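Student: this one's structure only:
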DNA sequence: CGTATGACGAGCC
DNA sequence: AGGCTCGCCATAC
């Protein structure tokens, strides 16, 4: 069944909204939840698309890469860590978090 | 319509 | 641990 780009993004946003507060999920994990296994890049693409959209209902800051770090440019990565820190997610000196502790559904 | 690009990730070295 | 390569596929040009 053919899927339009709009519904693809909707699937991704929906999955992101399911991440509990104080938890983080990886791009690949979100892709799987959205039924897009192996297409982590699309998740990043969809989230990047939120910038212009200014949609606060999607907790984009809870999505990080498989290394437990932010994939954003330094400036934005700092904002992301700050938002997560507010929810209780800790980061080490290198800006990485322990997915075993804070990852969703460990 | 062909190429390049990117908020990724797994595998190798 | 850290860097490179390659597969992934919607978009941009």
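Tutor: Perfect, I can see it now. Here the structure is a predicted model, which is why all the values come from computation and not from measurement. Numbers count the residues shown, from 1 in each chain, chains lettered A, B, ... in the order given.

Student: Get me the contact residues on chain A for DNA strand B.
Tutor: Applying CB under 7 Å from any atom of the strand, we find that chain A lies next to DNA strand B at A:26-29, A:40-45, A:47-48, A:50-51, A:60-61, A:63, A:65-67, A:70-72, A:80. In short, each C-beta sits where N, CA and C put it, glycine included.

Student: Run the chain-centre distance for the helix or strand that contains residue A:78.
Tutor: Using DSSP states H and E, residue A:78 falls within helix A:74-86. Centroid separation for helix A:74-86 versus its chain: 12 Å, with CA atoms, centre = their mean, to the nearest Å.

Student: give me the beta-bridge partners of the residue nearest to the spatial centre of chain A?
Tutor: Nearest to the mean C-alpha position of chain A, by CA atoms, centre = their mean, lies residue A:63 at 1.6 Å. Applying DSSP bridges to residue A:63 gives these bridge partners: residue A:25.

Student: so what's it up against?
Tutor: A:16, A:19, A:24-27, A:30, A:43, A:47 (CB atoms under 8 Å, 6 or more residues apart in numbering).

Student: is DNA strand C contacted by the helix holding residue A:78?
Tutor: No. Helix A:74-86 lies out of reach of DNA strand C by CB under 7 Å from any atom of the strand, never closer than 14.8 Å.
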